[in-house]
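> build me a model:
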Amino acid sequence: MKFPRWRKATWALLVWSALILLWIFSGLLNTDCGNEAKYGDSTACGVGAGLAIFLILGVGFFGFVFLPLIWFMSRPKTRLCPQCGNDVKKGQTTCPTCGFSFVVQPGVIPAQRAVGAAGWYEDSTKPGQQRYWDGTVWEDQWRPSSNG
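Have a look, this model is predicted:
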């Protein structure tokens with residue numbers, strides 16, 4: 001079984017959710033206040049079970065407040081260049097290693113720029129030009145665009 005490639009904070013949030021739900025359901029299933037009725041303590045048993053579930057929900061809410069904060073603060077500060085595979089700081093419009101442009105040009109499908117069959121594709125770094133994609137890397141070959 002292949003697991004999704006999520007960040008560690010995402011997995012922590014999912015595990016936290018599962019543990020809280022397991023804790024709540026096990027608490028509900030193990031509350032047997034019927035036996036307490038013969039001793040006259042059924043009301044106290046119900047109040048105790050209610051308080052326990054309230055505390056579990058409080059602990060769960062505490063986790064749901066802080067784990068997403070950690071998740072947002074630990075976002076990756078880079079993105080992967082689809083052409084050379086190097087990490088590029090977010091906010092940069094071109095890869096410093098290979099020159100790949102992250103700017104989306106009108107009429108150019110991003111998937112065609114990085115992945116696809118070999119052929120000539122619009123070059124987002126040079127308007128009116130097409131660049132040759134050999135199926136694995138961009139070649140240093142340009143020609144005038146057929147639609148520009």
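> so who does Phe102 touch?
By C-beta atoms under 8 Å, 6 or more residues apart in numbering, the contact list for Phe102 reads 79, 88, 92-95. Bear in mind the C-beta positions are built from the backbone N, C-alpha and C, glycine included.
> quick check: buried residues in whatever helix or strand Glu139 lives in?
In the assignment (DSSP states H and E), Glu139 maps to strand 138-144. The neighbour-count check on strand 138-144 (16 or more other C-beta atoms under 10 Å) flags Trp138 as buried.
> for it, the averaged confidence score.
On average, the pLDDT along strand 138-144 is 85.
> one more: stretch 87-95?
Averaging pLDDT along stretch 87-95 gives 85.
> how's the protein carved up into domains?
Segmentation of the chain into domains, based on automatic domain parsing, reads 8-73, 78-144.
> can you measure across the shortest one, start residue to end residue?
Pointing back at domain 8-73 there. For domain 8-73, the first and last residues are 12 Å from each other (C-alpha to C-alpha, to the nearest Å).
> before we move on, the earlier item: give me the helices and strands touching the strand holding Glu139, please.
On a contact count with 3 or more C-beta pairs under 8 Å, 6 or more residues apart in numbering; DSSP states H and E, strand 138-144 meets strand 129-133.
> in this structure, what secondary structure element scores lowest on mean pLDDT?
helix 110-114 (a mean of 49; mean pLDDT, DSSP states H and E).
> report the next helix or strand after that one in sequence order.
strand 119-122.
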